[in-house]
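Student: Let's see this in three dimensions:
(chains A, B, C and D)
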Protein chains: 2
Amino acid sequence: MKSLSAAEENYLRTIYKLVTDGLEKVSTNEIAAAVNTKAASVSDMLKKLAEKKLIDYRKYYGVSLTEEGRKTALFIIRRYRLWEVFLVDKLKFNWDEVNAIAEELEHVKAPLLVRRLDEYLGFPKFDPHGDPIPDEFGELSDKPRITLQEVPVGQSGKIVSVSDTSANFLKYLDKVGIYIGAKVLVLEKIEYDGSQELFIDNQKKVFVSKEVAANIQVMLHPN
Amino acid sequence: MKSLSAAEENYLRTIYKLVTDGLEKVSTNEIAAAVNTKAASVSDMLKKLAEKKLIDYRKYYGVSLTEEGRKTALFIIRRYRLWEVFLVDKLKFNWDEVNAIAEELEHVKAPLLVRRLDEYLGFPKFDPHGDPIPDEFGELSDKPRITLQEVPVGQSGKIVSVSDTSANFLKYLDKVGIYIGAKVLVLEKIEYDGSQELFIDNQKKVFVSKEVAANIQVMLHPN
DNA sequence: ACATTTTTTTAGACAAGTCTAAAACTTATA
DNA sequence: TATAAGTTTTAGACTTGTCTAAAAAAATGT
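Tutor: Take a look at the predicted model:
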């Protein structure tokens, strides 16, 4: 595996995240927003990553990962997500506080450290956001499917299945704009009755009851 | 507290270590050796640290820390030594494997992280080498005095006192070349009978029994 | 289909940190 | 004390990653 700078690793992890978030290819501007820099800087970096054969890059088109890039990204993500688990499980951070810190810890490379950390944490398969942690060989477990009820506020996912397949239920879902494959973001949860407000496909707000949420399975997105 | 780059922090911690190791002022070459770089690079960096008022620097003379530099170094060292404790206590590294890794972890700055880590580790007062860990306010505990028996192989220290003050014992010590203030390095320990081989003042090898070692108090050196 | 807007890339500059080679200074030695 | 030897600093170059401004390409709207 090629040795990468912290900046290169950041870009690679970000691209992986964006790609597996759905997009086939990712735009320069999207990357710029995600790594908090300017498009010009992204162009420069993309050239370098392309030279190292980690991404497929054609000017003015998007980028995608090569097989080598994908594998490399998985090892970076492994480090990142193990640290996330450490921060939440051991240091009692909230799942929404750990991103920035994990990003710094991710760049600590000592391979033995990662293995020991993994062991110490009990070989977790998923991070606090529900995203899978690649194993030593870069292998991913399937993403866990959790019910919409269990999705934390602010987290988004893709609707993958429903438990209640009655016509009534499906008709209701159809009517409010929920369907298999839809992107769903949890905007708010009402403690009182377990109902919640959703944002479907970044477009439509929908209010669902606890009962409805319990019957919808979601696959969490990274981030 | 000024915000420093990872490189600046490394230099500062190194200078602190060298200064408290005994030297009043530290030479460019000593620093170069310690941070594994060239004298020319050190000169450049010293100018920068002097500009930030973290060190007292006069060309062609040594450097020493200003009060601000000392304080800053203590916070860097706090991070460093807490990570050392984590690596040894939690991840089961040996005390001699942790230097390089702690050096990387040291640069992760999130202040809340350091506080949580401290708490998680049970507010340790000393790191695995016996060096004191500054508290949140940069305050140091005294160095612990431990018996020569407890000093790990490869670790060095200074002999600070003896429990047995009988003439016989002192005469023996004198004869083999052990005295208060001597530098002692533990070369080897014999499991079988608890005896050990020492290296006194980087000059003389001495073999002492378990009984003798138990009566000698040592103050550990950094590193 | 053409003009406008948006996105992306290039060109050139800059800051940090490192290096080598050579100059300046200090220390040791004869 | 003069010269040699060793140390430290300067000068100048290079790398990495960033930026702004401007040019080039693509997308959009009428």
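Student: residues in chain A within reach of DNA strand D, list them.
Tutor: A:5-8, A:35, A:37-38, A:40-41, A:44-45, A:48, A:60 (CB under 7 Å from any atom of the strand). Glycine gets a C-beta too; all of them are placed from N, C-alpha and C.
Student: What remains of these if I keep only buried residues?
Tutor: Buried members of the residues of chain A next to DNA strand D, counted by 16 or more other CB atoms under 10 Å in any protein chain shown: A:8, A:35, A:37, A:45, A:48.
Student: Filter those down to the ones in strands?
Tutor: With strands defined by DSSP state E, no entry of those lies inside them.
Student: Let me know the closest of those residues to residue B:145.
Tutor: Closest approach to residue B:145 among these (CB to CB): residue A:8, at 47.6 Å.
Student: Is the closest residue to residue A:16 other than its chain neighbours within a helix or a strand, and which one?
Tutor: In this structure, residue A:16 finds its nearest non-sequential neighbour in residue A:73, 3.7 Å apart by CB to CB, 6 or more residues apart in numbering or on different chains. Assigned by DSSP states H and E, residue A:73 belongs to helix A:67-85.
Student: who are the neighbours of that helix, in terms of helices and strands?
Tutor: Applying 3 or more CB pairs under 8 Å, 6 or more residues apart in numbering or on different chains; DSSP states H and E, we find helix A:67-85 packed against helix A:6-20, helix A:99-105, helix A:111-120.
Student: what about the second one and chain B, any contact?
Tutor: The reference is to helix A:99-105. Yes - residues of helix A:99-105 contacting chain B under CB under 8 Å from any CB of the partner chain: A:100, A:101, A:104, A:105.
Student: can you list the weak-confidence ranges in chain A?
Tutor: For chain A, the stretches flagged by pLDDT under 70 are A:21-23, A:95, A:129-130, A:143-144, A:165, A:221-223.
Student: try it again with 80
Tutor: By pLDDT under 80, the low-scoring segments of chain A are A:1-2, A:20-24, A:94-97, A:128-131, A:141-145, A:160-168, A:170, A:180-181, A:220-223.
Student: need the helices for it, in chain order.
Tutor: A:6-20, A:28-35, A:39-51, A:67-85, A:99-105, A:111-120, A:167-176, A:210-214 (DSSP state H).
Student: Tell me which of those lies nearest to residue B:65.
Tutor: Each of those was scored for nearness to residue B:65 using CB to CB, and the closest is helix A:99-105 (26.1 Å).
Student: picking that back up, can you list the helices of chain A in TSV and add distance to residue B:19?
Tutor: Compiled in TSV, the helices of chain A are given as follows (distance: least, CB to CB, whole Å):
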stretch	distance to residue B:19
helix A:6-20	30
helix A:28-35	39
helix A:39-51	40
helix A:67-85	33
helix A:99-105	28
helix A:111-120	29
helix A:167-176	69
helix A:210-214	61
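Student: Which of those helices sits closest to residue A:192?
Tutor: helix A:210-214 (10.2 Å).
Student: Distance from the helix holding residue A:73 to the middle of the chain?
Tutor: Relative to its parent chain, helix A:67-85 has a centroid offset of 12 Å by CA atoms, centre = their mean, to the nearest Å.
Student: Check which residues of that helix are buried.
Tutor: A:69-70, A:72-85.
Student: contacting residues around residue A:120?
Tutor: By CB atoms under 8 Å, 6 or more residues apart in numbering or on different chains, residue A:120 lies in contact with B:90, B:91.
Student: Apply 10 Å and report the result again.
Tutor: By CB atoms under 10 Å, 6 or more residues apart in numbering or on different chains, the contact set of residue A:120 is A:82, A:85, A:86, A:90, B:86, B:90, B:91, B:92.
Student: quick one: which of those residues is nearest to DNA strand C?
Tutor: residue B:86 (25.2 Å; CB to the nearest atom of the strand).
Student: What count of nearby residues applies to the closest one?
Tutor: If you count neighbours by other CB atoms under 10 Å in any protein chain shown, residue B:86 ends up with 24.
Student: Tell me if I'm right that it and residue B:93 touch.
Tutor: Yes - using CB atoms under 10 Å, residue B:86 is in contact with residue B:93, at 9.2 Å.
Student: Nearest to DNA strand C among the buried residues of helix A:67-85?
Tutor: residue A:69 (16.2 Å).
Student: nearest residue to that closest one other than its sequence neighbours?
Tutor: Closest to residue A:69 by CB to CB, 6+ apart is residue A:54, at 3.6 Å.
Student: so what's that neighbour up against?
Tutor: By CB under 10 Å, 6+ apart, residue A:54 lies in contact with A:2, A:4, A:8, A:11-12, A:15, A:46, A:48, A:63, A:65-73.
Student: roughly how far apart are residue A:215 and residue A:171?
Tutor: Going from residue A:215 to residue A:171 by CB to CB, to the nearest Å gives 14 Å.
Student: if you count what's nearby, which of the two comes out ahead?
Tutor: A direct count of neighbours by other CB under 10 Å for residue A:215 and residue A:171 places residue A:215 higher, at 18 against 9.
Student: what about that one, distance to residue A:169?
Tutor: 7 Å.
Student: what's the overlap in contacts for those two?
Tutor: A:162, A:163.
Student: Next, find the distance separating residue A:33 from DNA strand D.
Tutor: According to CB to the nearest atom of the strand, to the nearest Å, residue A:33 stands 12 Å off from DNA strand D.
Student: who are the neighbours in contact with residue A:134?
Tutor: A:71, A:73-79, A:81-82, A:125, A:140-141.
Student: how does it look with 7 Å?
Tutor: A:74, A:75, A:77, A:78, A:140 (CB atoms under 7 Å, 6 or more residues apart in numbering or on different chains).
Student: same deal with residue A:179?
Tutor: residue A:173.
Student: any idea how far it is from residue A:200?
Tutor: Counting by CB to CB, the gap from residue A:179 to residue A:200 is 9 Å.
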